[in-house]
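A.B. asks: sharing a sequence plus its predicted fold:
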Amino acid sequence: ALVDRYEPALVSEHLAWSTHETTYFNDLLPLPYTQATLARVAEHIDEVQEAIGRPILLENPSTYVLFSQSTMSETDFLGELVRRTGCGLLLDVNNVFVSATNHGYSALGYLADFPLEHVGEIHLAGHAEQADDEGDLLLIDSHDGPVADAVWKLYDIVIGQCGPVPTLVEWDSEIPDWPILKAEAAAAQAILDRHAQIMPGKIHAAR
């Protein structure tokens, strides 16, 4: 009913779960990347896409734990979901940086394996730094501050590879004055515009 009423240009959802039986969790929790999970998620995507009459975009999550039973990488999992369901992808660049830092892998390596040709929207956001129980750095996808320099660099690389893509800067709490928010959007727009000059005909706005 929501999609029918407002006819949004894009509809997206996270690759995550937040309920179990009658329990509802106030978080987006990660999945084990297995064949069984793949089949279940693909079934749900098909159900949603059939109900709303359009493809959806699936967003890569920020994660703080990994599952030992996973049998494939997150990028392979996402690519297979695209192949099975025809959905698109929403690439959250901050989530890539957060997860890569938390789990000790390369954000650039992750993006090199990501099926960028299926990305229909990009998200940027700020994150918070904490320490885990062992005292190691733990990043939280907090959406309460400016986009980090490292995330801007990753975004520039992504746009350079796939061309300008509709981009949203997320800032959900500790909201600053309007000029600060506007500057974040302007920074994203500057990157989009620079690459649009290299790739004419592909111009999208940052929000």
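C.D. replies: Alright, I've got the coordinates.
A.B. asks: could you use CA atoms for every contact and neighbour count after this?
C.D. replies: Noted.
A.B. asks: ignoring the adjacent residues along the chain, who's closest to the residue positioned nearest the centre of the chain?
C.D. replies: Nearest to the mean C-alpha position of the chain, by Cα atoms, centre = their mean, lies Asp92 at 2.5 Å. What sits nearest to Asp92 in space, not counting adjacent residues and going by Cα to Cα, 6 or more residues apart in numbering, is His123, at 4.4 Å.
A.B. asks: now the one you found: which helix or strand?
C.D. replies: strand 119-125 (DSSP states H and E).
A.B. asks: chain center to that strand: distance?
C.D. replies: Its chain's C-alpha centre and that of strand 119-125 lie 6 Å apart, by Cα atoms, centre = their mean, to the nearest Å.
A.B. asks: just the C-alpha atoms of it, please, in CSV.
C.D. replies: The C-alpha coordinates for strand 119-125 follow below in CSV (Å, rounded to 0.1, in the frame of the first residue of the first chain):
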residue,chain,number,x,y,z
VAL,A,119,24.2,-1.0,-7.6
GLY,A,120,21.2,1.3,-7.8
GLU,A,121,21.9,3.5,-4.8
ILE,A,122,24.7,4.4,-2.4
HIS,A,123,24.6,5.3,1.2
LEU,A,124,27.2,7.3,3.2
ALA,A,125,27.2,7.9,7.0
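A.B. asks: the helix ranked longest in the chain to strand 119-125, inter-axis angle?
C.D. replies: Counting by DSSP state H, the longest helix found in the chain is helix 178-198. Here the directions of helix 178-198 and strand 119-125 differ by 140 degrees (axes from the mean of the first three to the mean of the last three Cα atoms, to 10 degrees).
A.B. asks: contacting residues for Ser70?
C.D. replies: By Cα atoms under 8 Å, 6 or more residues apart in numbering, Ser70 lies in contact with Pro32, Tyr33, Thr34.
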